[in-house]
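Novice: following is a predicted model, sequence given first.
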Amino acid sequence: MNRYPTWKYILIATVLVFSTLYALPNFYGESPAVQISAAKNNSKVDTALLGVVESTLKQEKVAYQAVFLDASGIKVRFADTDTQIKAKDVLQGILGKDYVIALNLLSRSPSWLRSIGAQPMYLGLDLRGGVHFLLQVDMKAAQDKALERYVGDLRTSLREKRIPYNGIAHQRDIVQVKFKDAADLAKAKEQIEKNYPDLLLKEDSGGAEKTLNASLSLVALKRLQDFALKQNIQTLHNRINELGVAEPIIQQQGIDRVVVQLPGVQDTAKAKEILGRTATLEIRMVDEEKNDPATLQNASKGQVPFGDEFFVERNGVPVLLKKQVVLTGDYITDASPGIDQQGGESVVHVNLDGRGARIFRQVTHENVGKRMAILLVEKGQSEVITAPVIREEIGGGRVQISGMASIKEATDVALLLRAGALAAPMDIIEERTVGPSMGQENITRGVHSTLWGFAAISVMMILYYLVFGTISVLALSVNLLLLVAVLSLLQATLTLPGLAAIALALGMAIDANVLINERIREELHNGSSPQAAIHSGYDRAFDTILDSNVTTLIAALALLTFGTGPIKGFAVVHGLGIMTSMFSAVLVSRGMVNLYYGYRRKLASLTIG
Amino acid sequence: MELFRIKKDIPFMSYGRLTTSISLITFIFSVYFLAVHGLNMGVDFTGGTVMEVNYPQAADLGKVRAAVDGIGLKEASVQNFGTSHDVLIRLPIKAGLTTAQLSEKVLVELRKDNASVEMRRVEFVGPQVGEELYANGALALLLVCLGIMAYLAVRFEWRFAVSAIIANMHDVVIILGFFSFFQWEFNLTVLAAVLAVLGYSVNESVVVFDRVRENFRKMRKASVPEVINNAITRTMSRTIITHAMTQTMVCSMLFFGGEVLHNFALALTIGILFGIYSSVLVASPIVMWLGISREDMVKPDKKLQADAQP
C-alpha cells in the first residue's frame, strides 16, 4: 500500500528537474553590463545594431564577455565595472541620443539557461538598491489648465462669429462668459454647444448681466484626467530615458498616481530633480498697451490690469503679460543647447511641430514690432526667461531662446523641454531609497537568516525523527528549491520581507512533516504495523495540513490584496511558500518514504526515533 | 528520541478558568498599554522622513544633531541604529517644506561636516499615504479575520470559528501590547508579521480542532472535556516540536536579519509563544463554553466508514 504508481515518481522527478533548472541562474552571480535600448520610437534595436555595437567595442579594444539581443534590448557583459563604464562612454559617443545606454547587472548564467527562459529572481529595490517614488498627479491643476485653454478658445470663436460679450474668465471650475443681453447669450450658447460638446452650459441671468457658465462634463473630466495621467507617464518615460536607467518601472496606480522605480540609481538627488521638475515652456504676448511706467508701478503693488499678469524678467525689468497662452511646451519636438552665433551667449534651440510652427508663424506675423515673452513654468511658478521683440515673421518652427545664464542652464532647460511637458504637476508623496551597499547587506542578512535557520532545523529534525527526519529535511530542501524556482519563473519581486517570508515558509512548512511524523509514531504506539502506520499517518495528517494551510493562505491573500510595497513582497512569497510546501511535504516526502520502505516485504520497524 | 510521551490525558479543561483568566489579565494589560501609551508608529503610518546614514568611523551624534537643527528641524530625532557607525534620523512632516527635497538638504548639510558620510536609505511617506497604509492595514486585518472565520465555519462549525478568532485576536492584541509597552517601532513589516501570526496561530487551533472532530467520532462514550483533553494531549508533542522549529527559524532571523528584520522577528516570537498558549488553552475552553456537542460535529460521513475498514 506504500507504493506510488510509476507516473507519480515520474511527476515528482520532472518537477524536481524543472525546478533545479529554473533555480539554477540564481547561483551564477551577476556581472556588470551595459544595456542598450531605443530612446525614441523610430530608433531600432536589431541585429544590425548588434553588429555595430560589436565592431565598435572591438575597434576600441573594450573586452567584453558576452553580447546578445533580447526583448528589452542589446546587452553586453563585462568582467569589471571599469570596462563597463568605458564601454558605456564609447557606445554613447557612437550611438548618440537616439538610444538609452544604461549600466546594469546581468546574470552570468550560460546562454542555454537563458534560452529556456530561466532567469535569476527579480530583486526588489531594498535588495539591489535604487529609488522608489510614488507621485501624485495634481488633477485640479490639469482641470484649471484645460479651462484656461477654453477661455482662449471661446474668446477666439466668439470673436470669429462676431458675437459681442462683456467678459470671459475662468473661475474655480467653470468658465464664465458675460453678455449684455439674452439674444447674444442665446447665439453664443448655440455656437458653443455646437463646437464644444465637452462643455456643460448653464444660464445664470439673475443680475443685470446675462451670464453663461460653462463647466466640463463628467465624461470630459474623466477623459482629461486619463489623458493627464497618460501624458505624465509618457513624459516620465522620456525623462527617465535621459537618466539612463536599465529597468525602470513606471506604472499607473489608482486613478491619479504613478509609481516610479529606478533600480540601481545612485544619484537620487538628480533623479528626484528630473522627475520632480514640472517645467514647461509657455509663450505669451507682452501687453504692450499697458506697459507704461505708471501701470507697471501700480501692477507691482498688486493692481494688475484685468486679463494681465505681472512678472519681473530675469534682468530685473518688470513686464505685464497677457494671461492668454499663445503656445505651450506641448508643441515642442526637440530642444538642444547652443551658443548664439553673433552674441556668443548661451541659447536653447527649440523645434516646434507642424501645428506649433503654424501658430508661431501666425502670431509672429501679426505682432511684428511687439514683444513676446518666453516663460519657464516650474512647480506652478512662472519665470520670464526673456521677452524679445519680434523683428519679423518666424516660420519653419525653429525658435531660439536667448537669456540663459550659462551653458549649464541651457543644457538643463533643453533637457527639460525635450523630455516633454507634464500635463499636470506631480508631487512625490512617497519615497524609498536604498543605497547599493545596503542592498547587498540586506541580501546577506536574508540569506544568512534562511540558511542558518534551515541548518538548525535540519539538525533538530534528523536527531529527533532519524530516517523520517532526514526525509523531512530533504522534503524541506525540495520546498526551498521549488520556491526559488517558482519565484524565478514568475519574476515576482523579491524584497527583504520576501526573504524573511522564505525563512518563515520553511519554518512553517516543517509543521506538515512534524504532523505526519507524529501521526506515524502514534499509529505505531496504537499497534499498527509499520506499513499501515505510514499509510494512515500520511492519510490522517493530510486533512489537518490542508485546513491549516488554507487558513494561512487566506492571510497571505488578504496581505496581497491590501498590502503595498514590503507587505506585498512578503505576501507573495508567503502564499507561494505554502503552496510549494503542500507539494513537497506531502507528495515528495511520501514518495521518498515509499521508495525507502514501501518495497520491503517484511518490515519489522520504522526508524522514526 | 521521543520527548513527549504522555500516557494519560492532561485535564486541560479543568484548568480552563485559570488559563483563560491569565489570558484575560495579559489582554487587559495590553489594552491598557495600548490605550495609555499607544503604539510607536513608524514613518509608514505617521508620514515623515527616515534617513539612515553611515560613517566610516563612529558617528558623532552631537554634530549630526547640530547639522539637522541647523536647517530648522528641531523636532528631528537622531539616534544610533544597530552599530555606532549607523545613524538614524527621523524628520517629522513639516508644513511648507517639500518633503521630497528634505532628505537631500539634510545630506548636503551632513556632508559639509564630514564628506565621508554615506546615505544608506531614505524613506519618505506623505501624510496621506501614511493614512492609507494605516487604513489598508486595518482592512487587511479585518479581511483575514472574516476569511478565516468563514473557512472554519464551513469546514468545522461556527463555534470553532468564533473561538479561533477570539484566541487569535487575543494574540494580536498581546503582540501590540508588547510593542506598546516597550515602545518598539511598529511599521509595515511588523504589520506583515502580525498578519502572518494570525494565519499561523489559526493553524495551531485548526490542528487541535481537527483532533477534536476526529475524537468526537472515535470516542463515543467520552464527555466533551475528555474529548478536548485527549485532543490537546495527543497533539502536544507536535505542537511543541513544530513551534520549536518555527521559533528556531525566527531566532535565526533575530540574530542574522539585522535591524530591519529585528522587530519583525520580535513580533513573530511573541506571536508564536502566545499562539501556542491561546490556541490550546484559550480557544478550546471557549469552544467548550460555547456548548459544542457530539451531535454538532458527527454527521453521517462516508469517509469515516471507509477509514474504519483499512
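Specialist: Cool, got the structure.

Novice: ok, now which ones touch residue B:18?
Specialist: Under the criterion of Cβ atoms under 8 Å, 6 or more residues apart in numbering or on different chains, residue B:18 has no contact partners. For the C-beta atoms, the positions are set from N, CA and C on the backbone; glycine is no exception.

Novice: swap in residue A:375?
Specialist: Residue A:375 neighbours (Cβ under 8 Å, 6+ apart): A:281, A:282, A:283, A:284, A:311, A:321, A:382, A:383, A:384, A:385.

Novice: did I read that right, it in a helix?
Specialist: No - Residue A:375 is assigned strand when assessed by DSSP: H, G, I helix; E, B strand; the rest coil, not a helix.

Novice: for it, give the beta-bridge partners.
Specialist: Bridge pairing for residue A:375 (DSSP bridges) gives the partners residue A:282, residue A:384.

Novice: against residue A:322, how distant is it?
Specialist: Separation of residue A:375 from residue A:322 (Cβ to Cβ, to the nearest Å) stands at 12 Å.

Novice: drop anything exposed from the contacts of residue A:375.
Specialist: Listed as buried from the contacts of residue A:375 are A:281, A:282, A:283, A:284, A:311, A:321, A:382, A:384, A:385; burial here means 16 or more other Cβ atoms under 10 Å in any protein chain shown.

Novice: so for the helix ranked longest in chain A, mean pLDDT?
Specialist: Longest helix of chain A, by residue count under DSSP state H: helix A:436-490. For helix A:436-490, mean pLDDT is 93.

Novice: is it anywhere near chain B?
Specialist: Yes - contact between helix A:436-490 and chain B, assessed by Cβ under 8 Å from any Cβ of the partner chain, occurs at A:437-438, A:441-442, A:445-446, A:448-450, A:452-454, A:456-457, A:460-461, A:463-464.

Novice: cool, stretch A:117-136 as well?
Specialist: Yes - interface with chain B: stretch A:117-136 contributes A:126, A:134, A:136 (Cβ under 8 Å from any Cβ).

Novice: export the contacts of residue A:375 to JSON lines and tack on pLDDT?
Specialist: Output for those, formatted as JSON lines (pLDDT from 0 to 100):
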{"residue": "A:281", "pLDDT": "76"}
{"residue": "A:282", "pLDDT": "82"}
{"residue": "A:283", "pLDDT": "85"}
{"residue": "A:284", "pLDDT": "88"}
{"residue": "A:311", "pLDDT": "85"}
{"residue": "A:321", "pLDDT": "87"}
{"residue": "A:382", "pLDDT": "78"}
{"residue": "A:383", "pLDDT": "79"}
{"residue": "A:384", "pLDDT": "82"}
{"residue": "A:385", "pLDDT": "77"}
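
Novice: closest to residue B:112 out of those residues?
Specialist: The closest of the contacts of residue A:375 to residue B:112 turns out to be residue A:383 (Cβ to Cβ; 28.7 Å).

Novice: measure that closest one to residue A:314 for me?
Specialist: From residue A:383 to residue A:314 the distance is 7 Å (Cβ to Cβ).

Novice: now residue A:210
Specialist: From residue A:210 across to residue A:314, the span is 44 Å (Cβ to Cβ).

Novice: which one of those two is surrounded by more residues?
Specialist: Remark: of residue A:210 and residue A:314, residue A:210 carries more neighbours, 22 against 15, as counted by other Cβ atoms under 10 Å in any protein chain shown.

Novice: thought that one was touching residue A:180?
Specialist: Yes - counting by Cβ atoms under 8 Å, residue A:210 touches residue A:180, with 7.3 Å between them.

Novice: could you pull out the strands for the stretch 1-150 of chain B?
Specialist: Assigned by DSSP state E, counting those that start in this stretch, the stretch 1-150 of chain B shows strands spanning B:40-41, B:48-54, B:77-81, B:83-91, B:118-125.

Novice: right, and these - which one's nearest chain A?
Specialist: Nearest to chain A, of all those, is strand B:118-125, at 4.0 Å by Cβ to the nearest Cβ.

Novice: ok and that closest one relative to strand B:77-81, angle-wise?
Specialist: Orientation check (axes from the mean of the first three to the mean of the last three Cα atoms, to 10 degrees): strand B:118-125 against strand B:77-81 gives 130 degrees.

Novice: next, count neighbours for residue 145.
Specialist: All of this refers to chain A. Look at residue A:145: counted by other Cβ under 10 Å, it has 19 neighbours.

Novice: can you look at chain B instead?
Specialist: Residues lying near residue B:145 (other Cβ under 10 Å) number 21.

Novice: what's the biggest strand in chain A, counting residues?
Specialist: For chain A, the strand reaching the highest residue count under DSSP state E is reported as strand A:318-328.

Novice: that one pairs with which strands?
Specialist: Checking strand A:318-328 against DSSP bridges gives partners strand A:280-286 (antiparallel), strand A:308-312 (antiparallel).

Novice: right, I'll call it a day here.
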